[in-house]
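Enquirer: structure of the sequence below:
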Amino acid sequence: MKEYDVRKLIMRSKELSSSEKLVLLAIVLKVDWSTYEGKVSSREISDMISIGERSIKRTLAKLIKAGVISRESKRIGQYQNESAVTILHLDKIGGSGQKDTSVNLTPPPRVNLTPPPR
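Expert: Just a heads-up that it's a prediction; the model follows:
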């Protein structure tokens, strides 16, 4: 799936809140497209979208609970963790099995623009 399609899938989801969509769109910018995973910290997301880090952490927790993402980090010091490896689970994003109906493939009806005879 291409990046454009992933973004469209996220934006069209009816199950995700606006904050969840915004956080997912920020995560999409940081992941590797061959594996849909990458190192992303809540601070990085906070800086990218100008929302408080605490709000980002709450939103990430909701996304983890919904199964949309999974995250794993390891401690590198007594008070510090490494940026979490975040994996995007596209199959869990609402609407992923729905057909894209945004493009109307039928041509518009023809309209006769010639004036009627007098």
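Enquirer: ok, residue 51 - how many residues close by?
Expert: For residue 51, the neighbour count with other C-beta atoms under 10 Å is 16. Any C-beta I mention is one placed from the backbone N, CA and C, and that applies to glycine too.
Enquirer: which residues does it contact?
Expert: 19, 22, 45 (C-beta atoms under 8 Å, 6 or more residues apart in numbering).
Enquirer: my read is that the last one contacts residue 22, right?
Expert: What it means is residue 45. No - counting by C-beta atoms under 8 Å, residue 45 sits too far from residue 22 to count as a contact (9.0 Å).
Enquirer: quick one: which of those two has more around it?
Expert: residue 45 (25 against 19).
Enquirer: and what about that one, helix, strand or coil?
Expert: helix (DSSP: H, G, I helix; E, B strand; the rest coil).
Enquirer: distance of it from residue 5?
Expert: 22 Å (C-beta to C-beta, to the nearest Å).
Enquirer: since that was my last question, I'll sign off now.
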